[in-house]
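Participant: Requesting a structural model of the entry that follows:
(one chain, ligands or ions: 1)
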Amino acid sequence: MTMTRRNALLAGAALPLVPALGAAPALAAAEKQGAATPPFRRYALGSFEVTPLLAGTRVQEGPKEIFAANVPQEEFEAAARAAFLPTDRAQGFFTPTLVNTRSELILFDTGLAPEGILAALEAAGHAPDAVDVVVLTHMHGDHIGGLMEGETPTFAKARYVTGRIENDHWSAQGNEGYEAKVRPLLDKMTFVEGGDEVAPGITAVEAFGHTPGHMAWRLESEGQALMLTADAANHYAFSLGHPDWEVRFDMDKAAAAATRRALFGRIAEERIPFIGYHMPFPAIGFVETTDEGFRFVPESYQLMLNG
Ligand SMILES: [Zn+2]
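Facilitator: Below you'll find the model as predicted:
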């Protein structure tokens with residue numbers, strides 16, 4: 001029997017193995033830590049610091065019913081497929097934003113409950129007592145939920161700002177959330193209209209439809225601008241890509257769609273970044289216009305270059 005070169009190599013491989021020097025045995029199987037998302041990012045915007053805070057995230061069943069109520073199933077499935085998204089579930093995010101103007105700490109919205117916002121705030125290095133102003137973009141439960149811990153205000157030293165139309169609406173509804181979370185704070189609350197400022201460079205922008213007095217906020221410092229769009233769009237692919245798709249949480253569907261088109265049209269034209277409360281964390285990106293609506297372009301490092 002002749003031994004080919006190939007056979008010789010195979011025979012060599014079968015020789016008893018000599019333990020390799022320096023190859024350490026595994027110490028132990030490492031415990032899995034569970035999927036994780038850091039709860040804050042921080043960016044410079046002119047002389048401001050802007051900190052999106054992840055107050056919570058959860059799975060939402062039935063995205064078609066939430067974000068595409070008025071479109072055929074096939075159209076929704078095609079859009080989900082185009083965006084590499086599943087059709088049976090979505091991941092919801094709740095992202096208040098903290099703005100440090102160097103004169104004041106201003107918190108926009110508060111999440112579902114105090115725990116989430118307090119944990120994210122602490123991770124970002126801020127005590128709740130250091131918050132000077134809490135701005136409410138609107139009064140849905142996932143934005144006002146962190147205001148009160150039982151009878152106690154979460155942000156003990158803060159004053160509050162919201163849209164006059166928004167407050168007028170909810171104060172007349174006998175709404176449980178409003179009565180528990182907002183009414184106890186009314187003596188420290190001031191009311192604004194579109195165009196009013198909460199601080200120099202931080203201006204209310206009417207974005208009605210999602211709720212009757214829903215406000216976006218434009219931040220501008222040293223020539224750099226960013227829009228806080230709150231709930232003007234509730235999903236980065238479905239609502240931005242298809243602004244006319246009806247969103248379950250939009251109280252006035254037609255007004256909400258018109259606001260989406262106008263507000264994101266302006267953001268696209270200005271090519272400024274925006275933070276959307278329900279966008280995938282850190283909830284910040286840009287939009288470009290498409291045939292039907294807008295394409296969300298997540299921030300990569302553009303704002304890191306601000307310093
Ligand atoms: Zn919301």
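
Participant: wait, does stretch 257-275 contact the ion?
Facilitator: No. Using CB under 5 Å from the ion, stretch 257-275 stays clear of the ion, with a minimum separation of 13.0 Å. C-betas here are computed from N, CA, C, even on glycine.

Participant: got the contact list for that stretch?
Facilitator: 50, 52, 95, 97, 205, 207-210, 214, 216, 225-229, 232-233, 239-240, 243-244, 246, 250, 282-289, 293-294, 299, 302-303 (CB atoms under 8 Å, 6 or more residues apart in numbering).

Participant: near the ion too, which of those?
Facilitator: Answer for these near the ion: none qualify (CB under 5 Å from the ion).

Participant: List buried residues within those residues.
Facilitator: 50, 52, 95, 97, 205, 207-210, 214, 216, 225-229, 232-233, 239-240, 243-244, 246, 250, 282-287, 293-294, 299, 303 (16 or more other CB atoms under 10 Å).

Participant: List the ones among those residues that fall in helices.
Facilitator: Among the buried ones among the contacts of stretch 257-275, the members found in helices (DSSP state H) are Ser239, Leu240.

Participant: I'd like to know which of the buried ones among the contacts of stretch 257-275 are part of strands.
Facilitator: Among the buried ones among the contacts of stretch 257-275, the members found in strands (DSSP state E) are 50, 52, 97, 205, 216, 225-229, 284-287, 294.

Participant: of these, closest to Glu166?
Facilitator: Ala216 (12.3 Å; CB to CB).

Participant: List the residues that contact the closest residue in space to Glu151 that isn't next to it in sequence.
Facilitator: Excluding the flanking residues, the one nearest Glu151 by CB to CB, 6 or more residues apart in numbering is Pro184, at 7.4 Å. Pro184 is in contact with Met148, Glu151, Pro153, counting by CB under 8 Å, 6+ apart.

Participant: Following element in sequence after the longest helix anywhere in the chain, please.
Facilitator: Secondary structure of the chain read by DSSP H shows that its longest helix is helix 253-270. Going down the chain from helix 253-270, the next helix or strand is strand 274-276, by DSSP states H and E.
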